[in-house]
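Student: return a 3D structure for these sequence lines:
(chains A, B, C and D)
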There are 2 protein chains.
Amino acid sequence: MPASQPDVPNTSRQRLEAKESSILDAAEQVFTRAGFDGAKIATIAQTAAVAEGTVYLYYRNKQDLLAGVVGRFWARLTLGAEEAITPEASAVTQLDQLARYHLRSILEQFEVVSLTYRARPQQERDLDQVRDYVRIFDRIMLRGIDRKELPDGVPVSQLRDVFFGTLEFSARTLKLRNQPYDQSIVTNLLALMGQSVAVDKSVSVAPEPSNSDLMRTLQSIRDQLKSAKTD
Amino acid sequence: MPASQPDVPNTSRQRLEAKESSILDAAEQVFTRAGFDGAKIATIAQTAAVAEGTVYLYYRNKQDLLAGVVGRFWARLTLGAEEAITPEASAVTQLDQLARYHLRSILEQFEVVSLTYRARPQQERDLDQVRDYVRIFDRIMLRGIDRKELPDGVPVSQLRDVFFGTLEFSARTLKLRNQPYDQSIVTNLLALMGQSVAVDKSVSVAPEPSNSDLMRTLQSIRDQLKSAKTD
DNA sequence: CATTTAAACTGAGTCATACTCATTATACGA
DNA sequence: TCGTATAATGAGTATGACTCAGTTTAAATG
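Tutor: Down below sits the predicted model:
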């Protein structure tokens, strides 16, 4: 029965977790510096100040260690995203917040994101964390539908791919050209998505939103931005 | 001066190219079956019916061999895409054709596409082929603008990321769920892009805001963002 | 506090495999 | 037919992931 939870690692359980986390830290550092293939377990062990064999007490193999690093990264990102989103804001605003946060984060930590691709085919444990993260988008959309801010028939799953696919490819393009964060990417993406996401109940039959719709969406975005600026 | 081009490989040049191509064939087969890490050079050499050392006469190392496989794949894809597109069709039609072709191809050859991610950070030679492929999209867009089918101010580069990012993420989602090609993805993507891409002069019944109006609004948004960014 | 027992840790050794290079085979020109 | 250059070979080397018998450390017990 755990009577207290001291801040200093005292119990053996805590000491183990501290060591595991320090191995993860070392692995993240070495992986992002040298890439997966370039990283040596020996270096990671040395950085974490443990013997090589100790690494294998915590992780079955190099792939598993990578999965740990990548999983932790996406879990961190999930926490950050939840902080970046205003709980009471409208769905479109929340999407905007998520898009900014996402683009910023994957630009800043591009190397770790790249490592994700090295993990995917193998283990699936880290995919869980990615799934959790992606679920934030789904939550925003479903809430928006619930609150009648978004039409009922939006293909959430497909828009999810538009959202994250566009942002990730845009990030790659920026990296390739050595360009910094570009707000217009988020703006344009949301303008695009705004079309199929706008409530627009008057023209429920018409498949093609008009320029007026576009205009309306753009103006709403501007208004939101204006109010967002005052925070 | 080459007098004739016999079908049977006769000249030493031709024999070399045939051998290189057979090594690439073997590598593609083994890589897609076993993945990059799982593939052994010994197996590839055996499949190509050459000695292990011979592989290294044609490719500096395993990464370089992968770059060869991936580069050839994207070159093939470029040829196929050019065939799939009707030269005289409208820009929107051509985008539709490219989108279908692209989604189909990357679904069918998902393993090779995945290998692309293993090659990217390393060599850049294969990136050239990818660049060539992507250029097809740019050509369609620029031709559309030239022919006044698309408005002047379309951010081609950003839409490119929307286009390929969405399609690739959609393909991953389909693969993950073991679902086949889904035409609605292409339809929805083009409907989305159609908004910012359509000239849409036929339905100018109501006093539609002009693209200049849209542009002005967009610019005001951008300016606001710019000033917000400098804080 | 001494002793037992279990858990955590170590690093020298094993093994798989990418890559090398001295040797051999082949093709081609004279 | 011979000489030379080019291509091919595969046994050998180097590297680095992973193992495991032995050692240290910590907890449990009396």
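Student: going by C-alpha atoms from here, please, whenever you check contacts or count neighbours.
Tutor: OK.
Student: hmm, the longest helix along chain A touching DNA strand D?
Tutor: Criterion DSSP state H: the longest helix present in chain A is helix A:12-38. Yes. Counting by C-alpha under 7 Å from any atom of the strand, DNA strand D is contacted by helix A:12-38 at A:12, A:37-38.
Student: between the residues you listed, which sits nearest DNA strand D?
Tutor: A:Ser12 (4.4 Å; C-alpha to the nearest atom of the strand).
Student: make CSV from the residues of helix A:12-38 next to DNA strand D and add pLDDT to it.
Tutor: Output for the residues of helix A:12-38 next to DNA strand D, formatted as CSV (pLDDT from 0 to 100):
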residue, pLDDT
A:Ser12, 71
A:Asp37, 96
A:Gly38, 96
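Student: between those residues, which is closest to DNA strand C?
Tutor: Looking across the residues of helix A:12-38 next to DNA strand D and measuring by C-alpha to the nearest atom of the strand, the closest to DNA strand C is A:Ser12, at 7.1 Å.
Student: which residues of chain A score low on pLDDT?
Tutor: A:1-10, A:120-126, A:198-231 (pLDDT under 70).
Student: now A:Leu127: how far from DNA strand C?
Tutor: Taking C-alpha to the nearest atom of the strand, to the nearest Å as the measure, A:Leu127 falls 26 Å from DNA strand C.
Student: that residue: which element?
Tutor: Using DSSP states H and E, A:Leu127 sits within helix A:125-146.
Student: and chain A, which residues reach DNA strand D?
Tutor: A:11-12, A:37-42, A:52-54, A:56, A:60-63.
Student: and those, which of them are buried?
Tutor: Neighbour counting by 16 or more other C-alpha atoms under 10 Å in any protein chain shown classes A:39-41, A:62-63 among the residues of chain A next to DNA strand D as buried.
Student: domain map for chain A?
Tutor: A:13-59, A:62-199+A:209-229 (automatic domain parsing).
Student: can you list the ones you listed in a markdown table and add distance to B:Ser21?
Tutor: Output for the domains of chain A, formatted as a markdown table (distance: least, C-alpha to C-alpha, whole Å):
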| stretch | distance to B:Ser21 |
| --- | --- |
| domain A:13-59 | 27 |
| domain A:62-199+A:209-229 | 28 |
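Student: which one, of the ones you listed, ends up nearest to B:Arg76?
Tutor: Closest to B:Arg76 of the domains of chain A, according to C-alpha to C-alpha: domain A:62-199+A:209-229, at 22.2 Å.
Student: A:Leu57 - how many residues pack around it?
Tutor: Neighbours of A:Leu57 under the rule other C-alpha atoms under 10 Å in any protein chain shown: 10.
Student: next structured bit after whichever strand or helix holds it?
Tutor: In the assignment (DSSP H and E), A:Leu57 maps to helix A:52-58. Note on helix A:52-58: by DSSP H and E, the next helix or strand toward the C-terminus is helix A:62-84.
Student: is that following helix anywhere near DNA strand C?
Tutor: No. Helix A:62-84 is not in contact with DNA strand C by C-alpha under 7 Å from any atom of the strand; minimum separation 14.4 Å.
Student: is that helix anywhere near chain B?
Tutor: No. Judged by C-alpha under 8 Å from any C-alpha of the partner chain, helix A:62-84 stays clear of chain B, getting no closer than 11.0 Å.
Student: and that helix with helix A:12-38, angle?
Tutor: 110 degrees (axes from the mean of the first three to the mean of the last three C-alpha atoms, to 10 degrees).
Student: packing partners of whichever helix or strand comes after helix A:62-84?
Tutor: Sequence-wise, the next helix or strand downstream of helix A:62-84 (DSSP H and E) is helix A:91-108. Under the contact criterion of 3 or more C-alpha pairs under 8 Å, 6 or more residues apart in numbering or on different chains; DSSP states H and E, helix A:91-108 touches helix A:62-84, helix A:125-146, helix A:156-176, helix A:183-197.
Student: dump these to CSV, plus distance to B:Gly194.
Tutor: As requested, the helices and strands packed on helix A:91-108 are exported to CSV (distance: least, C-alpha to C-alpha, whole Å):
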stretch, distance to B:Gly194
helix A:62-84, 30
helix A:125-146, 22
helix A:156-176, 14
helix A:183-197, 9
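Student: nearest to A:Phe163 among the residues of helix A:12-38 next to DNA strand D?
Tutor: Nearest to A:Phe163 out of the residues of helix A:12-38 next to DNA strand D is A:Asp37 (C-alpha to C-alpha; 30.5 Å).
Student: mind checking how far the residue in chain A positioned nearest to DNA strand C is from A:Val69?
Tutor: Using C-alpha to the nearest atom of the strand, A:Gly53 is the residue of chain A that sits closest to DNA strand C, at 3.1 Å. When C-alpha to C-alpha, to the nearest Å is applied, the distance between A:Gly53 and A:Val69 equals 18 Å.
Student: again with A:Glu108
Tutor: Remark: distance between A:Glu108 and A:Val69 (C-alpha to C-alpha) = 16 Å.
Student: cool, A:Asp37 as well?
Tutor: From A:Asp37 over to A:Val69 the distance is 15 Å, taken as C-alpha to C-alpha.
Student: for A:Ser157, same thing?
Tutor: 27 Å.
Student: try A:Thr43
Tutor: Taken as C-alpha to C-alpha, the span from A:Thr43 to A:Val69 is 16 Å.
Student: and these two? Which one has more around it.
Tutor: Using other C-alpha under 10 Å as the criterion, A:Thr43 and A:Val69 rank with A:Val69 on top: 25 against 14.
Student: got the contact list for that one?
Tutor: By C-alpha atoms under 8 Å, 6 or more residues apart in numbering or on different chains, A:Val69 lies in contact with A:24-25, A:27-28.
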